[in-house]
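Chemist: Give me a model of this one.
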Amino acid sequence: WHIALAAYREGARFALSNVKVAFRMGTIAELGKQCGDAPLIACDASSSEDIEAAFKELLDKVGKIDFIVHSIGMSQNVRKDRPYHDLNYEFFHKTLDVSAMSLHRVIAQALKAEALNDGGSIVALSYIGAQRTFSSYSDMGDAKALLESIARSFGSRLGKRGIRVNTVSQSPTKTTAGSGIDGFDALYDFAEKLSPLGNATAQDCADYVVSLLSDLTRKVTMQNLFNDGGFSTMGISDALMEALYGKKD
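Modeler: Residues are numbered from 1 along each chain as shown. Sure, this is the predicted structure:
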């Protein structure tokens with residue numbers, strides 16, 4: 001949501017996409033209005049056929065594009081609080097399919113449709129749980145690790161066209177999806193206390209992603225970039241020590 005608004009603020013024209021049910025029950029239509037009546041294209045990112053049709057519609061409505069933002073993720077295992085040693089494997093496959101393999105499908109179909117201009121940029125949203133274990137993150141950690149690997153693999157192959165592919169590891173962010181997960185508030189508070197700059201907000205994330213979509217970062221590719229207030233390089237902080245053990249006398 002915030003990335004779209006920030007991109008529009010900077011003069012970008014684009015289309016928005018989500019599954020059909022979100023068009024009926026969500027607020028994507030309102031976002032489209034706020035982004036200059038951006039075209040809305042229904043698409044199930046777990047379906048190659050849907051993505052192929054979506055790019056055909058995109059080319060008709062917008063033309064060739066300069067950037068793609070992948071912000072898709074879900075885990076029924078996390079939602080249902082399944083412990084990592086007792087995952088539902090059908091759910092696990094769906095987690096990987098929707099949260100990571102969808103990036104491969106989107107890029108592959110964009111190339112097949114010749115929809116992405118040379119010198120373009122692709123950014124996918126990740127999380128530090130791809131590299132470090134977070135007990136409540138469960139199979140989403142595996143999915144984000146795969147997502148980052150896919151980004152690197154495409155980045156190495158698309159560099160000859162000047163196309164950059166990066167992932168952004170964002171702080172825990174208070175969104176409708178994230179806030180519904182058990183333990184999210186505790187994780188958010190933990191990260192806030194550990195990060196020297198505090199958690200990066202959704203708006204902070206949007207501004208950072210827009211910089212990666214621009215020519216200002218034309219030599220940045222195959223990177224997982226942390227936008228987390230310093231969380232990723234901290235060990236302990238005074239604020240966290242105080243929360244755990246109280247103030248020093």
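Chemist: need the next SSE after the one helix or strand residue 29 maps to, C-terminal direction.
Modeler: Under the assignment given by DSSP states H and E, the secondary-structure element containing residue 29 is helix 28-34. Scanning forward in sequence from helix 28-34, with DSSP H and E defining helices and strands, the next element found is strand 40-42.
Chemist: for that following strand, packing partners?
Modeler: Packing contacts for strand 40-42, counted by 3 or more CB pairs under 8 Å, 6 or more residues apart in numbering; DSSP states H and E, involve strand 16-18, helix 20-25, helix 28-34, helix 48-61. Every residue, glycine included, has its C-beta placed from N, CA and C.
Chemist: Could I get the average pLDDT for the second one?
Modeler: In other words, helix 20-25. Helix 20-25 shows a mean pLDDT of 82 in the predicted model.
Chemist: Show residues contacting that helix.
Modeler: Outside of helix 20-25, the residues that reach it under the criterion CB atoms under 8 Å, 6 or more residues apart in numbering are 28, 29, 40, 42, 44.
Chemist: And the fourth one, how close does it get to residue 15?
Modeler: To residue 15, residue 42 is 11 Å away according to CB to CB, to the nearest Å.
Chemist: Buried deepest among the helices and strands packed on strand 40-42, which one?
Modeler: Each of those was given a mean neighbour count from mean count of other CB atoms under 10 Å, and the largest, a mean of 19, is that of strand 16-18.
Chemist: For that one, which strands pair with it and how are they oriented?
Modeler: Applying DSSP bridges to the sheet, strand 16-18 is found paired with strand 40-42 (parallel).
Chemist: Run a quick neighbour tally on the spatially closest residue to residue 165 that is not a sequence neighbour.
Modeler: Excluding the flanking residues, the one nearest residue 165 by CB to CB, 6 or more residues apart in numbering is residue 155, at 3.7 Å. A count of nearby residues for residue 155, using other CB atoms under 10 Å, gives 20.
Chemist: re earlier: how far away from the center of its chain is the helix holding residue 29?
Modeler: Chain-centre distance of helix 28-34: 19 Å, with CA atoms, centre = their mean, to the nearest Å.
Chemist: for stretch 142-160, same thing?
Modeler: The gap between where stretch 142-160 is centred and where its chain is centred comes out at 13 Å by CA atoms, centre = their mean.
Chemist: quick one: buried residues of that stretch?
Modeler: Applying a neighbour-count criterion of 16 or more other CB atoms under 10 Å, one finds 142-152, 154-155, 158 buried in stretch 142-160.
Chemist: Correct me if wrong, but residue 222 is in a helix.
Modeler: No - under DSSP: H, G, I helix; E, B strand; the rest coil, residue 222 falls outside any helix and is assigned coil.
Chemist: ok, it touching residue 149?
Modeler: No - between residue 222 and residue 149 there is no contact under CB atoms under 8 Å: 10.4 Å.
Chemist: As a markdown table, the helices and strands packed on strand 40-42 with distance to residue 174 would be great.
Modeler: Written out in a markdown table, the entries for the helices and strands packed on strand 40-42 read as follows (distance: least, CB to CB, whole Å):
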| stretch | distance to residue 174 |
| --- | --- |
| strand 16-18 | 20 |
| helix 20-25 | 19 |
| helix 28-34 | 18 |
| helix 48-61 | 29 |
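Chemist: Comparing the ones you listed by mean pLDDT, which bottoms out?
Modeler: Summarising mean pLDDT across the helices and strands packed on strand 40-42, the least confident stretch is helix 20-25, with a mean of 82.
Chemist: hang on, the earlier thing: residue 211 versus the residue nearest to residue 165, what's the distance?
Modeler: Counting by CB to CB, the gap from residue 155 to residue 211 is 17 Å.
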